[in-house]
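>>> Quick one: sequence and predicted model below, then my questions.
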Amino acid sequence: MAGHSKWAGIKHKKAIVDAQRGKAFSKVIRELTSAARLGGGNPEANPRLRLAIQKAREVNVPKDTLEKAIKRGTGDLPGVSYEEMIVEGYGPGGVAILVEALTDNKNRTSAELRSLFSRHQGNIAGAGSVSWIFQKKGLIHVNLKGMQEEALMELALEAGAEDLKVEADLAIVVSSPQAFESVRQALQAKGLTIDSADLSMIPSSTVKVDHPAQAKALLDLLNSLEDQEDTQHVYANFDIPDALLAEHA
């Protein structure tokens with residue numbers, strides 16, 4: 001979890017930079033449209049849409065753009081319909097990789113992702129090959145400054161969290177998807193600084209990758225998959241030493 005958690009922090013910082021460049025807009029807008037199409041346009045009754053709106057605000061999507069994306073999902077405005085797809089594969093070192101995408105052309109997206117895997121010493125696997133390794137959880141990264149670990153643990157568990165891991169001044173609070181929202185609200189109510197909060201796929205086991213060239217190849221693959229325009233999320237069960245992660249970041 002250590003290396004995986006640090007990588008989540010690195011990705012969050014990258015997302016902020018991408019947002020400043022406008023790169024994050026299309027991903028967030030697709031998620032808003034898809035969430036509204038699947039669960040309706042009322043965020044109070046649609047947890048997925050509620051989370052998508054939160055993400056849209058984090059990357060400063062204008063209110064008008066946000067509302068239009070939702071209306072395209074509910075059918076109140078015309079627009080492209082995106083389909084969900086999951087691609088499974090392996091990266092350098094035998095690391096399991098799970099890619100979640102939203103696309104208007106599954107054949108094109110599948111071909112592009114297959115090419116990225118191949119180019120970076122990975123390979124596509126059949127459906128179900130690696131998805132069984134991952135379990136959906138709420139992941140909340142909290143800045144610990146000003147609060148003791150024991151106090152945060154008590155607060156998080158009372159709110160419904162399952163686990164808490166601490167790395168320096170960063171605490172990672174883990175919850176079930178159902179308890180995610182209540183845990184996040186409880187932490188915010190205490191005035192804690194939340195660096196990121198999202199539903200994520202957590203691996204039940206990890207693969208250690210400590211060879212520098214192999215680690216670089218794997219991280220290059222993950223970055224390339226993240227940057228593919230239809231990709232929404234990329235998950236992997238690697239454990240890379242912090243020094244190698246920091247060097248790559």
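Here it is on my side, so go on. These figures come from a predicted structure and were not determined experimentally.
>>> Now do the domain split for this protein, please.
2-74, 83-132+205-248, 134-203 (automatic domain parsing).
>>> and the longest one, how far out from the chain's middle?
The offset between the C-alpha centroid of domain 83-132+205-248 and the centroid of the whole chain comes to 13 Å, using C-alpha atoms, centre = their mean, to the nearest Å.
>>> cool, and the shortest one?
Offset of domain 134-203 from its chain centre (C-alpha atoms, centre = their mean): 15 Å.
>>> same question, stretch 74-84
That offset, for stretch 74-84, works out to 23 Å (C-alpha atoms, centre = their mean).
>>> First-to-last residue distance for that stretch?
16 Å (C-alpha to C-alpha, to the nearest Å).
>>> What residues of it count as buried?
Tyr82 (16 or more other C-beta atoms under 10 Å). Glycine gets a C-beta too; all of them are placed from N, C-alpha and C.
>>> Can you tell me what sits against it?
30, 33-34, 36-37, 40-41, 68, 71-73, 100-104, 106 (C-beta atoms under 8 Å, 6 or more residues apart in numbering).
>>> which of those are buried?
Neighbour counting with 16+ other C-beta under 10 Å marks 30, 33-34, 36-37, 41, 68, 71-73, 101-103 as buried within these.
>>> pLDDT and secondary structure for those residues - can I get that in a markdown table?
Output for these, formatted as a markdown table (pLDDT from 0 to 100; DSSP: H, G, I helix; E, B strand; the rest coil):
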| residue | pLDDT | secondary structure |
| --- | --- | --- |
| Arg30 | 91 | helix |
| Thr33 | 93 | helix |
| Ser34 | 93 | helix |
| Ala36 | 93 | helix |
| Arg37 | 91 | helix |
| Gly41 | 91 | coil |
| Lys68 | 93 | helix |
| Lys71 | 93 | helix |
| Arg72 | 91 | helix |
| Gly73 | 89 | helix |
| Ala101 | 95 | strand |
| Leu102 | 92 | strand |
| Thr103 | 92 | strand |
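>>> which among those gets closest to Leu244?
Distance to Leu244, by C-beta to C-beta, is smallest for Ala101 among these, at 27.5 Å.
>>> Tell me the spacing between the residue nearest to that closest one when sequence neighbours are not counted and Lys145.
Counting by C-beta to C-beta, 6 or more residues apart in numbering, Ala101 lies nearest to Asp230, which is 4.4 Å off, once chain neighbours are set aside. To Lys145, Asp230 is 38 Å away according to C-beta to C-beta, to the nearest Å.
>>> Compare these two and say which is more crowded by neighbours.
Set Asp230 next to Lys145 and count neighbours by other C-beta atoms under 10 Å: Asp230 wins out with 24 against 9.
>>> For the more buried one, give me its contacts.
Applying C-beta under 8 Å, 6+ apart, the residues near Asp230 are Ala101, Leu102, Thr103, Thr109, Glu112.
>>> For the third one, give me its contacts.
In this structure, Thr103 makes contact with Tyr82, Glu83, Met85, Thr109, Asp230, judged by C-beta under 8 Å, 6+ apart.
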